[in-house]
Structures are given as structure tokens and as C-alpha cells.
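>>> how would this look folded up:
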Amino acid sequence: MAKIKVVVLFGGPSAEHDVSLKTGANAVKAIKNIKGTKYSVREIKISKDGKWLIDSGAGSPIAAFKNVDVVFNATHGEFGEDGTIQGFLDTLKIPYTGAGQKGSMIGMDKILTKLIFLANNIKTAPFALARKGESIPKLGFSFPVVVKPAGRGSSVGVSIVKNKKTLESALKLAFRFDDAVLLEKFIKGREITVGVLENFKGKKYYALPITEIRPKISDFFDYRAKYEVGGSEEITPAPINKKLTRKAQDLAVKVFKVLESRHYSRIDMIIQGENLYVLEINTLPGMTTTSLMPQQAQKAGLNLSQLIDHLIGLALKK
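Residues are numbered from 1 along each chain as shown. Modelled structure (predicted):
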């Protein structure tokens with residue numbers, strides 16, 4: 001029987017390029033480790049300046065996807081996670097893992113996701129929008145304030161501002177990554193994240209065990225806390241009661257559906273008392289050695305190879 005031809009796509013011209021390289025390398029290794037593997041795997045790396053490298057040699061985007069059955073999308077951030085590459089693959093009629101074009105675009109746009117949360121009675125922190133070159137908007141809430149680029153992930157360019165004096169410098173940093181910046185009231189509480197996986201254990205939408213995140217090297221779950229080994233204490237399953245666990249898992253599934261995600265995603269929340277505030281969705285969770293989704297899948301009975309095998313299967317069933 002002919003093997004299924006899988007391309008692992010990673011890299012890209014985004015601020016999360018280096019994280020994507022790690023996800024891609026882990027995905028390739030995991031696919032090769034699948035027992036009795038039914039896959040042949042190739043690598044396509046996109047450099048930071050947008051060059052396409054096919055099996056380490058230069059090539060064109062169209063040529064890259066000739067004779068391919070499915071793409072494991074290991075890109076992160078703009079271009080790879082915002083609907084751009086998804087639209088390209090849709091045009092070529094090549095199946096791929098992760099959210100489709102529309103779901104990717106929605107998930108990457110923090111302002112749009114906030115508006116969808118409000119329309120669906122999903123608790124989220126009060127917020128305002130700042131645009132480059134315009135005056136700072138009047139905030140209808142008190143400090144501290146979280147300042148984050150509206151269209152970036154991995155906490156790139158994010159700051160927590162405790163007073164008006166430091167707001168301008170935080171905005172300057174955020175505007176380096178995006179012309180639109182979200183100003184969000186800081187919700188003090190416990191940070192958790194909930195992975196959702198499609199078609200698992202007999203459920204269309206399966207909420208994985210919850211992870212509680214306790215940053216150790218910074219005040220919040222920033223880029224360093226996420227990706228440096230030992231940067232955070234991550235507890236899976238989270239030490240919260242059964243009622244709140246079920247509530248958070250049900251809410252994660254609701255967010256997954258209303259934001260039109262697909263295959264798998266990870267939803268970040270803050271617990272404050274008995275209230276759950278949704279922060280955002282990650283439509284292409286990382287597969288690095290410190291990534292949270294693989295940790296949750298492991299607790300649910302899937303090692304990294306099995307998880308990736310499941311995701312490829314979901315893409316091929318489309």
C-alpha cells in the first residue's frame with residue numbers, strides 16, 4: 001500500500017518563527033516515530049524573509065505542494081495562523097491540519113474574538129482599542145491594564161501596565177508588532193488553559209484535562225515563561241474542583257464552536273472566584289517540548305505521535 005504523503009510546513013515571516021521551527025522539528029520526529037508508519041514525511045521551511053525551502057533546497061510555493069496528500073501546519077503567528085496559508089492551501093485543494101481560513105482569521109484577531117465573546121454571552125475582560133497614529137482612547141476601567149498587539153500570538157509585544165505613566169511605552173512596544181493594539185483590564189486570578197480535540201473518545205468536541213499555569217520567571221505567562229524550560233509551573237490536571245473543571249471544559253467547547261475553530265485548539269482563561277473569563281484562543285497550539293496541548297493529550301492517553309496521527313486523520317476526513 002502506498003504511504004500517505006505528509007508535508008510538515010513550518011517557519012514563516014512571523015514574530016513566532018523560532019517557536020514554529022521547534023514545533024515543526026518535533027512534528028517531523030513524531031510522525032517518523034509512529035509505529036508501522038503509514039506516512040512518508042517531507043519538510044517545507046519558510047524563512048523569515050519568505051523564501052520557501054523544500055527539503056533544504058530553494059523552491060516555489062506551488063512546486064512545494066505537488067504530489068502531497070496532506071499538510072501538517074506547524075506555522076505560528078501571522079501568515080501561518082491568520083488564514084493566509086489556509087486560503088492558499090484551500091485554493092490548491094490540499095487538506096491541512098488546524099482551523100480553516102475563516103476560523104484562523106477570527107482566532108488571530110483579538111478584537112474580533114472579543115466582539116464574538118460579547119455577542120455570545122461569554123465573560124471576557126473589559127477592553128478598548130488603540131490604533132497607531134491616533135490618540136490613546138479613554139479607558140472605561142481602572143489599571144492595571146494588559147497591552148497586547150491585536151493580531152499576534154505567543155504573548156509577543158505584551159505588557160502589563162500598572163499606571164498611566166508607563167502606558168505610552170507599552171503601546172510603543174506593541175505597535176512594533178501591529179497597527180492595532182488591545183487594551184484590556186487585567187483580571188487577577190488563576191490562569192488556566194483548556195485544549196479541545198475533535199472526534200476523540202466518542203465525542204465530536206472533547207475537552208482535554210485542564211492545565212493551570214503559574215509563571216516562575218515573570219509576572220505573567222509571557223514569551224519567556226512560555227518557551228524557556230522551567231519558565232512556568234504547569235499543572236495538569238489543574239487542582240480545581242470538579243464543578244469548575246466541567247464549567248471550564250464546557251466553556252472551552254463553546255468558544256471552539258463560536259470562533260469556528262477546527263480539529264484542535266487551546267482556550268486560555270482566568271479563574272476569579274467562581275467566574276471564568278476567556279482571554280483568547282490558540283488555533284494552532286505548539287508542539288514544542290514545553291507546549292501545553294501535548295501535555296494535556298498525554299494525560300488523556302495520547303502521546304505526541306498519536307496526537308499528530310489523530311490530527312492528520314481529521315484533516316484527511318475533510
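>>> mind checking the SS state of Leu276?
strand (DSSP: H, G, I helix; E, B strand; the rest coil).
>>> Kindly report the same for Val255.
helix.
>>> Contact partners for it?
By C-beta atoms under 8 Å, 6 or more residues apart in numbering, the residues touching Val255 are 117, 122, 267, 278, 281. Where you see a C-beta, it was placed from the backbone N, CA and C, and this is true even at glycine.
>>> Ala128 now?
Applying C-beta under 8 Å, 6+ apart, the residues near Ala128 are 137-140, 182-183.
>>> Next, give me the two most distant ones among those residues.
Greatest spacing in those, by C-beta to C-beta: Lys138 and Leu182 (15.3 Å).
>>> Would you quantify the distance from Lys3 to Asp309?
13 Å (C-beta to C-beta, to the nearest Å).
>>> hmm, back to that, out of the contacts of Val255, name the ones that lie in strands.
Counting by DSSP state E, the part of the contacts of Val255 found in strands is 267, 278, 281.
>>> related to what we said a few turns ago, turn the contacts of Val255 into JSON lines, including neighbour count and pLDDT.
Shown next, in JSON lines, are the contacts of Val255 (neighbours: other C-beta atoms under 10 Å; pLDDT from 0 to 100):
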{"residue": "Phe117", "neighbour count": "23", "pLDDT": "98"}
{"residue": "Ile122", "neighbour count": "18", "pLDDT": "98"}
{"residue": "Ile267", "neighbour count": "27", "pLDDT": "98"}
{"residue": "Val278", "neighbour count": "23", "pLDDT": "98"}
{"residue": "Ile281", "neighbour count": "26", "pLDDT": "96"}
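>>> quick revisit: so Lys3 and Asp309 - more neighbours on which side?
A direct count of neighbours by other C-beta atoms under 10 Å for Lys3 and Asp309 places Asp309 higher, at 18 against 11.
>>> Correct me if wrong: the more buried one contacts Ile34.
Yes: Asp309 is within contact range of Ile34, at 5.5 Å (criterion: C-beta atoms under 8 Å).
>>> Return the residues in contact with the nearest residue to Phe79 once chain neighbours are set aside.
The shortest distance from Phe79 to any residue other than its chain neighbours is 4.9 Å, reached at Gly12 (C-beta to C-beta, 6 or more residues apart in numbering). Taking C-beta under 8 Å, 6+ apart, we find Gly12 in contact with 20, 46, 48, 75-80, 85.
>>> if I look at Gly12, how far off is Glu81?
In terms of C-beta to C-beta, Gly12 sits 9 Å off from Glu81.
>>> Find the residues that touch each one of the two.
Thr75.
>>> What number of residues are in the vicinity of Glu191?
Neighbours of Glu191 (other C-beta under 10 Å): 19.
>>> Secondary structure class of it, three-state.
Criterion first, three-state DSSP; result for Glu191: strand.
>>> if I read this right, it contacts Ile267, doesn't it?
No: using C-beta under 8 Å as the test, Glu191 is too far from Ile267 to be in contact (11.7 Å).
>>> just to revisit the earlier point, format the contacts of Val255 as a markdown table; extra columns: distance to Ala27.
What follows is these, written out as a markdown table (distance: C-beta to C-beta, whole Å):
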| residue | distance to Ala27 |
| --- | --- |
| Phe117 | 30 |
| Ile122 | 31 |
| Ile267 | 22 |
| Val278 | 28 |
| Ile281 | 20 |
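>>> Contacts only, for the residue most central in space within the chain.
Closest to where the C-alpha atoms of the chain average out (C-alpha atoms, centre = their mean) is Asn282, at 2.5 Å. Neighbouring residues of Asn282 by C-beta under 8 Å, 6+ apart: 107, 153, 265-268.
>>> ok, now Lys3?
Applying C-beta under 8 Å, 6+ apart, we find Lys3 in contact with 37-40.
>>> In this protein, what helix or strand scores lowest on average pLDDT?
helix 223-227 (a mean of 50; mean pLDDT, DSSP states H and E).
>>> neighbouring strands for the next helix or strand after that helix, and are they parallel or not?
Per DSSP states H and E, the first helix or strand lying C-terminal to helix 223-227 is strand 232-235. When pairing is defined by DSSP bridges, strand 232-235 lines up against strand 211-215 (antiparallel).
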